[in-house]
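In: for reference, the sequence and a predicted model appear below.
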Amino acid sequence: MERVWIEDIGRYADRDVEIRGWLFNKRSSGKVRFLVVRDGTGFLQVVMVKGEVPDEVFNLYDELTYEDAIIVRGKVKREKRAPGGYELLLKDLVIHSKSLDTFPIPKVRPENIPDVGKLFRFRHLWIRSRKQWSILRIRDEVERAIQDFFAARGFRRFDPPIFTPASVEGTTTLFPVPYFDEGEVYLTQSGQLYLEAGAMALGKVYSFGPTFRAEKSRTRRHLTEFWMVEPEVAWATLEDIMDLAEELVVYITERVLENRRMELEILNRDVAKLEAVKRPFPRITYDEAARILLEEKEKGRDIDFTYGEDFGSDEETVISERYDRPVMITHYPRAIKPFYMKPDPKDPSKVLCVDVIAPEGYGEIIGGSQREDDYEELLRRIREEGLPEDEYSWYLDLRKYGSVPHSGFGLGIERTVAWLSGASHVREVIPFARTPERIRP
RNA sequence: GGGUCCGUAGCUCAACAGGCAGAGCACCCGGCUGUUAACCGGGGGGUUGCAGGUUCGAGUCCUGCCGGGCCCGCCA
């Protein structure tokens, strides 16, 4: 008998197959009994009818409890009444391994959902639930879509180091790690500086990996360990990477809509909101965004914003509410952005940068800029910020030997997945979240 | 770093103003030939987060500790 995965069950109608998985749920009306089996690739209803299976198999139903590892064999049937459209008519059942204790997470009754703290203590088991399973499958689709996107455009993947001697931006708090005679080095907060070197060597590059921030941020948008995708392109201007960012976000969204419909349905995600994500995205400047906030304030909304400062999360939400798709905000004041961004030649008080704000209050998913490519100007900025010049000498070399305009951005995987899946917190969209107060499991 | 809220059964929650710690789900037993969060009947299950205090009497009031939630800042 062929052993198959539930994901592929549609190809085996009217054939005998074997499924290996776990008991997700069971129901009975006496002589007809139903199992819901999950095998990691999907969920499948299994039916057993008294008299049509041997009694010793039929009676095994009574022994089954949640998450027993089981092997079921039977005939695949198209069946309207079954969730998913297919079910398995049971012929044989093997209990491979019993659950030794009551499963700590009730999976059937929504009103029984434990509070978030308990769920995260059982994260290793929680990921077996329908919703978490769906979210992690959407994450996988997003990650693969990203790599397909860059591969199709001739980008080379370029992996920057995780151990770094100094802060990229000189501001954020980093995780120190002892490193031989070197004393302390830090876990990377961005591969950007290294990617700029990569772009000068390989033209179009991107990185895809974990990033670390030691800030004790306790919000639905922050983790201490999160994943970022960072493309960097030689000879590219701000406009070039804005087009790239827009295409990337549209492509990711399309792929999820195309390949993860069922998961979005399980999550009750409003698909229409994602279908609206098409080019072009609205593009406004910092000044225009500030004007929007002023207008909303005059309409009586509670907005605490001073011109010249960065937008807080409430302000981002107010701005994003005006549009049905992500909004790109450009030309922020130089004072609130890092040293490596290139000032706008038309207005040197602003920099050539872009933030992409996701709809529905999910906040900034992309931050990018055109980089300062002038040696003297960059050196001046490093000194102005009081950064250790020695540590940046290699970075300055990139401007010394054939400097060209170049631009790039970083996209936060968790914020993007949280937005697409409608998750309430980024810690739900990574298998094992790391936050200031949680390092286990 | 700041603000705020909460710890009662494996899980979600009750317990009026301080007076015998209870219900639903899960688990165990019984019933039901198409269930969809199945349903119906019965049963077992508690260091009320921990340590003190007030009181005839504390889940409830007071103090300390521990654990957790939510929001803001910083950012992706």
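Out: Ah, there it is. Numbers count the residues shown, from 1 in each chain, chains lettered A, B, ... in the order given.
In: parallel or antiparallel, which strands does the stretch of helix or strand residue A:44 belongs to pair with?
Out: If you go by DSSP states H and E, residue A:44 is part of strand A:43-49. Strand A:43-49 has its sheet partners listed here by DSSP bridges as strand A:32-38 (antiparallel), strand A:86-97 (parallel).
In: just the buried positions in the shortest one, please.
Out: Which is strand A:32-38. A:33, A:34, A:35, A:36, A:37, A:38 (16 or more other Cβ atoms under 10 Å). Placement of C-beta: from N, CA and C, glycine included.
In: which bits of the stretch 101-250 of chain A sit near RNA strand B?
Out: When proximity is defined as Cβ under 7 Å from any atom of the strand, the stretch 101-250 of chain A approaches RNA strand B at A:102-106, A:108-118, A:120, A:171-172, A:190, A:213, A:215-224, A:226, A:228.
In: any of those buried? List them.
Out: Buried subset of those (neighbour count, 16+ other Cβ under 10 Å): A:105, A:120, A:190, A:213, A:220, A:221, A:222, A:223, A:224, A:226, A:228.
In: what's the closest of the strands paired with strand A:43-49 to RNA strand B?
Out: strand A:32-38 (3.5 Å; Cβ to the nearest atom of the strand).
In: which residue of chain A sits farthest from its center?
Out: residue A:51 (49.0 Å; Cα atoms, centre = their mean).
In: so residue A:114: helix, strand or coil?
Out: coil (DSSP: H, G, I helix; E, B strand; the rest coil).
In: need the contact list for it.
Out: By Cβ atoms under 8 Å, 6 or more residues apart in numbering, residue A:114 lies in contact with A:105, A:106, A:122.
In: hmm, back to that, distance from the chain centre to the very next helix or strand once past the strand holding residue A:44, please.
Out: Heading C-terminal from strand A:43-49, the first helix or strand you meet, by DSSP H and E, is helix A:55-58. The chain centre lies 45 Å from the centre of helix A:55-58; the measure is Cα atoms, centre = their mean, to the nearest Å.
In: among the residues of the stretch 101-250 of chain A next to RNA strand B, which are in helices?
Out: Judged by DSSP state H, these include A:116, A:117, A:118, A:120 as members of helices.
In: test my guess that the last one contacts residue A:430.
Out: Same thing as residue A:120. No - the pair residue A:120 / residue A:430 is not scored as a contact, 11.5 Å apart, by Cβ atoms under 8 Å.
In: any chance of the buried residues of strand A:32-38 in a markdown table, plus distance to residue A:345 and pLDDT?
Out: Converted to a markdown table, the buried residues of strand A:32-38 look like this (distance: Cβ to Cβ, whole Å; pLDDT from 0 to 100):
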| residue | distance to residue A:345 | pLDDT |
| --- | --- | --- |
| A:33 | 74 | 93 |
| A:34 | 69 | 93 |
| A:35 | 68 | 93 |
| A:36 | 63 | 92 |
| A:37 | 63 | 94 |
| A:38 | 58 | 94 |
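In: what would the residues you listed look like in a markdown table with distance to residue A:81?
Out: Listed next are the buried residues of strand A:32-38 as a markdown table, based on distance: Cβ to Cβ, whole Å:
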| residue | distance to residue A:81 |
| --- | --- |
| A:33 | 14 |
| A:34 | 10 |
| A:35 | 15 |
| A:36 | 13 |
| A:37 | 17 |
| A:38 | 19 |
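In: restrict those to those near RNA strand B?
Out: Okay, of the buried residues of strand A:32-38 touching RNA strand B (Cβ under 7 Å from any atom of the strand), that's residue A:34.
In: and the buried residues of strand A:32-38, which is closest to residue A:391?
Out: The closest of these to residue A:391 turns out to be residue A:38 (Cβ to Cβ; 50.6 Å).
In: so what sits opposite that closest one in the bridge?
Out: Residues in beta-bridge contact with residue A:38 (DSSP bridges): residue A:22, residue A:43.
In: pull the contacting residues for it.
Out: Counted by Cβ under 8 Å, 6+ apart, residue A:38 has contacts A:6, A:21, A:22, A:24, A:44, A:128, A:133.
In: got a pLDDT number for the last one?
Out: You'll see residue A:133 listed with a pLDDT of 92.
In: what's the answer for the fifth one, then?
Out: According to the model's per-residue confidence, residue A:44 sits at a pLDDT of 94.
In: next: the second one.
Out: On pLDDT, residue A:21 comes in at 94.
In: picking up where we left off before, neighbour count and distance to residue A:305 added to the contacts of residue A:38, as JSON lines?
Out: Listed next are these as JSON lines, based on neighbours: other Cβ atoms under 10 Å; distance: Cβ to Cβ, whole Å:
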{"residue": "A:6", "neighbour count": "21", "distance to residue A:305": "51"}
{"residue": "A:21", "neighbour count": "24", "distance to residue A:305": "53"}
{"residue": "A:22", "neighbour count": "18", "distance to residue A:305": "51"}
{"residue": "A:24", "neighbour count": "20", "distance to residue A:305": "49"}
{"residue": "A:44", "neighbour count": "25", "distance to residue A:305": "52"}
{"residue": "A:128", "neighbour count": "18", "distance to residue A:305": "44"}
{"residue": "A:133", "neighbour count": "19", "distance to residue A:305": "40"}
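In: so where is chain A shaky, pLDDT-wise?
Out: A:107-111, A:166-172 (pLDDT under 70).
In: quickly list the domain ranges of it.
Out: As given by automatic domain parsing, the domain ranges for chain A are A:2-97, A:126-429.
In: nearest to residue A:437, of those domains?
Out: Nearest of the domains of chain A (Cβ to Cβ): domain A:126-429, 7.8 Å.
In: so which of the contacts of residue A:114 belong to strands?
Out: Among the contacts of residue A:114, no member falls in strands (DSSP state E).
In: which one of those residues sits closest to residue A:17?
Out: The closest of the contacts of residue A:114, once distances to residue A:17 are taken by Cβ to Cβ, is residue A:105, at 29.0 Å.
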